[in-house]
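Undergrad: just need the structure, nothing else, for what follows:
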Amino acid sequence: MPYTIDYSTSSKTAIVVNDGTVDTTTSLSLIGKNYTNFGELLNEDLLHMLENFANASAPTNPTEGQLWYDTANSVLKLYDNGQWYTMGAPAGTTRIEYRNRQDTAGVYHKTIELIVDNNIVSITTDDTTVWTPHATEFLEDGTTALTTQFATIQAGIQMNSTANYKFRGTATSAEYADLAERYAADQEYDPGTVVRIDRGDAEITQTTEEADINVFGIISTAPGFEMNAGAGTDATHPFVALSGRVPCKVVGTIHKGDRLVTSSIPGTARIANPTELADYRNIIGRAMETKTTEEVELIEVVVGAK
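TA: Reported below is the predicted structural model:
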């Protein structure tokens, strides 16, 4: 007497397997009663389901809802409505990883990481407190420190900090708070360098004079808004912060709220002397941090604030 094998969906026509036969309507071998050596086929069916029909070629006679691990592309696929759809990439150079990353205090944080061509494009977490990845946390090459491209991590989506990775779309808020524009520089400058209009062929150069009235802006670390973005690269046309908060190279002791002018040390600012406050043109901005050392360091400055 034949077997009648029903699909999960009752509207589909059941498969009838006659005695002593093997049905191949699907990717499995459906065995009828009294079939010789049925154990081999049954065990192969179980193995194929366990490995999700792992093969470079799609399974024959797939049915709705079937999974297939495409070994040629290292992706898992789902069969629906006559077509195979990619579900994810459990292996390969482009994939999504769910990880536990350790911070410098030894605490672990769950992350979702988007990886394209073996480069981490973004890291997403729900941690409200900022944390720094431990030295043992690496990029996809297994040797380069994660902090080289993700210095700190906190709630939301962190984009890779290298120049190639940016948010492209409409944002309602920004992590960074400066308005910046690209200008042609006479040489490559580090973020935080104080610049003025160049008297030569370039548009900007670093400052070298005390209380320079031609001070123009500060090389931005990570602009909140980028103008003239296609003018060049960070090496030839760095973003100059014209307004808002930005890290700035400063020398000497400074108190929060102090007004800043240029120093004789190239590309740096210092606290303004009382006699220099009469001319607003030399004011770069105001310090938002207190600094107690004499060395050159980066502090947050509101550029353009007089």
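Undergrad: ok, which stretches of the chain are helices?
TA: Ranges of helices within the chain are 38-50, based on DSSP state H.
Undergrad: quick one, domains of it?
TA: Domain assignment for the chain, taken from automatic domain parsing, gives 3-87, 95-159, 178-303.
Undergrad: would CSV of those domains with mean pLDDT be doable?
TA: Listed next are the domains of the chain as CSV, based on pLDDT from 0 to 100:
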stretch, mean pLDDT
domain 3-87, 92
domain 95-159, 92
domain 178-303, 94
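Undergrad: ranking these by burial, who's on top?
TA: Neighbour counts (mean count of other C-beta atoms under 10 Å) averaged over each of the domains of the chain peak at domain 178-303, with a mean of 18. No exception for glycine: its C-beta is placed from N, CA and C like everyone else's.
Undergrad: follow-up on the earlier one: compare the domains of the chain and give me the one nearest Gly169.
TA: domain 95-159 (11.5 Å; C-beta to C-beta).
Undergrad: before we move on, back to that, want to throw the domains of the chain into CSV with distance to Gly169?
TA: Shown next, in CSV, are the domains of the chain (distance: least, C-beta to C-beta, whole Å):
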stretch, distance to Gly169
domain 3-87, 24
domain 95-159, 11
domain 178-303, 13
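Undergrad: pull the CA atoms of the longest strand seen in the chain into PDB?
TA: The single longest strand within the chain, with elements called by DSSP state E, is strand 239-250. Only the C-alpha atoms of strand 239-250 are listed here, as PDB (Å, rounded to 0.1, in the frame of the first residue of the first chain):
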ATOM      1  CA  PHE A 239      38.900  70.100   6.000                       C
ATOM      2  CA  VAL A 240      39.300  73.400   7.900                       C
ATOM      3  CA  ALA A 241      36.900  73.900  10.800                       C
ATOM      4  CA  LEU A 242      35.300  77.300  10.400                       C
ATOM      5  CA  SER A 243      32.800  77.100  13.200                       C
ATOM      6  CA  GLY A 244      31.800  74.800  16.100                       C
ATOM      7  CA  ARG A 245      33.700  72.400  18.500                       C
ATOM      8  CA  VAL A 246      37.000  70.900  17.200                       C
ATOM      9  CA  PRO A 247      40.200  69.600  18.800                       C
ATOM     10  CA  CYS A 248      43.000  72.200  18.500                       C
ATOM     11  CA  LYS A 249      46.800  72.100  19.200                       C
ATOM     12  CA  VAL A 250      47.600  74.400  22.100                       C
END
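Undergrad: and that strand, what does it pack against?
TA: strand 178-182, strand 194-197, strand 215-219, strand 269-271, strand 297-303 (3 or more C-beta pairs under 8 Å, 6 or more residues apart in numbering; DSSP states H and E).
Undergrad: out of those strands, nearest to Gly106?
TA: Short answer: strand 297-303, nearest of those by C-beta to C-beta, at 27.5 Å.
Undergrad: and Gln149, what is it in contact with?
TA: 120, 139, 160-162 (C-beta atoms under 8 Å, 6 or more residues apart in numbering).
Undergrad: repeat that with 6 Å
TA: 160-162 (C-beta atoms under 6 Å, 6 or more residues apart in numbering).
Undergrad: quick one on the thing from earlier: tell me which of the domains of the chain lies nearest to Lys166.
TA: domain 95-159 (6.4 Å).
Undergrad: quick revisit: give the ChimeraX command for selecting the buried subset of the contacts of Gln149.
TA: Selecting only the buried entries of the contacts of Gln149 in ChimeraX, with 16 or more other C-beta atoms under 10 Å as the criterion:
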select :160
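Undergrad: distance to Ser27 added to the helices and strands packed on strand 239-250, as JSON lines?
TA: As requested, the helices and strands packed on strand 239-250 are exported to JSON lines (distance: least, C-beta to C-beta, whole Å):
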{"stretch": "strand 178-182", "distance to Ser27": "57"}
{"stretch": "strand 194-197", "distance to Ser27": "66"}
{"stretch": "strand 215-219", "distance to Ser27": "61"}
{"stretch": "strand 269-271", "distance to Ser27": "70"}
{"stretch": "strand 297-303", "distance to Ser27": "62"}
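Undergrad: out of those strands, which comes closest to Thr132?
TA: With C-beta to C-beta as the criterion, Thr132 lies closest to strand 297-303 of the helices and strands packed on strand 239-250, at 16.6 Å.
Undergrad: how distant is the closest one from the center of its chain?
TA: Taking C-alpha atoms, centre = their mean, to the nearest Å, the mean C-alpha location of strand 297-303 is offset from the chain mean by 25 Å.
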